[in-house]
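In: structural data only, the sequence is not supplied:
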């Protein structure tokens, strides 16, 4: 059999030998979600991680030391096409090669063989048969020369225990471009090679070079800068002959105005100075004319008389002929407000005072979980009917709270009497669940 364009199937040399990719056919390179990686040692990372680190370092460059030495070489721009490689001869194949008709062709040398050359089984044919005949119902099948359909071709399968076969010669797979589906080359693999500084003919992997580039971006080398080429024009400070030196810099004007030097009055060229709030310096006022808050220690002050003897109290503008005499003396009588204390204050009416009184304050504690209302009546207890008589004032004590007021000035006046009671509503008569504590301060 002579193979004409015979494709190889199953486990074949394509799985282990390099292939060439047509220039421009590998476009997208796939999409890979790996994050950037700063690894430059033997850590296994994908090419995408290294490329993303390079991209990140270009977007956010690291600080780089620059020295004033050496010369920068002008780099030539990349052009033209790069050739990955071409396979011309393949030898030493160890895996099984499966040969089949994969839309290609299989040619067998069977020149001069016809149906008449086959023995039909009657034993009447006398000519010798050359070629290959296959058994078939009703007679044999002849394999004609040249490319045939699969039905008229003989499939060939190598044994699974076939020893290694050497493959030589020129195959179309080695010279023709192999197309990769756009976007299918996504992972790009993960390579554990460490960075390499080799720039000569030393054999290194692409991963080693990429990691070296990544490492140099992360830890930039010192680069010499020479005084050559074209630099941006720098502004030149003008020199004045009539300037004042401040810290070694000639200053002619500040904010467009020549500054005033030395002591003097306020003017356009005089700088404003604010003393810091934590300054330890001292500010001294000039003697004689200084003012603080417009109060001067000069002029005549009226002499204030000291209190002594008897003072005359005079109403209006007419002096009394008989002075009012006042004197202070100690007293043993209690002076102050009276207190009405209720330790179990509820809806039972409490008559704080049966006659006119002034209420100066109160202290109320409500242990209940709801607000309680304190009804206050300007009347005697006998004149009040809870739920019917309208209170003159109502206090609200918050739940589990205290209502406390300082002394009223002036006090609350009750002209008839003062009666109080605690209820669950402002004008009702229902007693609280728990009694209150109350104190009323009055005179």
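Out: Thanks, I have it. Just so you know, these numbers come straight off a predicted model, no measurement behind them.
In: what's the burial count for residue 351?
Out: 16 (other Cβ atoms under 10 Å). C-beta here means a position set from N, CA and C on the backbone, and glycine is covered the same way.
In: over to residue 61?
Out: Residue 61 - counted by other Cβ under 10 Å - has 10 other residues nearby.
In: where does pLDDT dip in the stretch 251-400 of the chain?
Out: 251, 281-300, 302, 304-305, 311-335 (pLDDT under 70).
In: residues contacting the spatially closest residue to residue 207 that is not a sequence neighbour?
Out: The shortest distance from residue 207 to any non-neighbouring residue, by Cβ to Cβ, 6 or more residues apart in numbering, is to residue 191 (3.7 Å). Residue 191 makes contacts with 44-45, 47, 205, 207, as judged by Cβ atoms under 8 Å, 6 or more residues apart in numbering.
In: any idea how far residue 191 lies from residue 198?
Out: Going from residue 191 to residue 198 by Cβ to Cβ, to the nearest Å gives 16 Å.
In: swap in residue 275?
Out: Residue 275 is 67 Å from residue 198, by Cβ to Cβ.
In: between the two, who's got more neighbours?
Out: residue 198 (12 against 8).
In: quick one: pLDDT of the more buried one?
Out: Note on residue 198: pLDDT of 86.
In: try the one 4 residues further on
Out: Residue 202 carries a pLDDT value of 89.
In: helix, strand or coil for it?
Out: coil (DSSP: H, G, I helix; E, B strand; the rest coil).
In: OK, contacts around it?
Out: Contacts of residue 202 (Cβ under 8 Å, 6+ apart): residue 196.
In: okay, it and residue 209: tell me how far apart.
Out: 11 Å.
In: which neighbours do those two share?
Out: If you check residue 202 and residue 209 against Cβ under 8 Å, 6+ apart, the residues they both contact are residue 196.
In: from the contacts of residue 191, pick the one nearest residue 404.
Out: residue 45 (73.4 Å; Cβ to Cβ).
In: excluding its backbone neighbours, what's nearest that closest one?
Out: residue 37 (4.5 Å).
In: how about residue 210?
Out: That would be residue 50: by Cβ to Cβ, 6+ apart, it lies 4.6 Å from residue 210.
In: now the strands for the stretch 251-400 of the chain?
Out: 338-345, 350-353, 357-366, 372-377, 393-397 (DSSP state E, counting those that start in this stretch).
In: let me see the mean pLDDT of whatever helix or strand comes next after the last one.
Out: When you say that, I think you mean strand 393-397. Per DSSP states H and E, strand 393-397 leads on to strand 401-404 as the next helix or strand towards the C-terminus. Averaged across strand 401-404, the pLDDT comes to 94.
In: which strands and helices sit next to strand 401-404?
Out: strand 357-366, strand 393-397 (3 or more Cβ pairs under 8 Å, 6 or more residues apart in numbering; DSSP states H and E).
In: which of those sits most buried?
Out: strand 357-366 (a mean of 20; mean count of other Cβ atoms under 10 Å).
In: just checking: what are the partner strands of that one?
Out: Sheet pairing for strand 357-366, assigned by DSSP bridges, gives strand 401-404 (antiparallel), strand 412-414 (antiparallel), strand 436-442 (antiparallel).
In: now the ones you listed as a markdown table including mean neighbour count and distance to residue 385?
Out: Output for those, formatted as a markdown table (neighbours: other Cβ atoms under 10 Å; distance: least, Cβ to Cβ, whole Å):
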| stretch | mean neighbour count | distance to residue 385 |
| --- | --- | --- |
| strand 401-404 | 14 | 25 |
| strand 412-414 | 17 | 18 |
| strand 436-442 | 20 | 21 |
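In: tell me which of those strands sits nearest to residue 382.
Out: Going by Cβ to Cβ, the one of the strands paired with strand 357-366 nearest residue 382 is strand 412-414, 15.5 Å.
In: which outside residues touch that closest one?
Out: By Cβ under 8 Å, 6+ apart, strand 412-414 touches 353, 356-360, 376, 378, 392-393.
In: right, I'll call it a day here.
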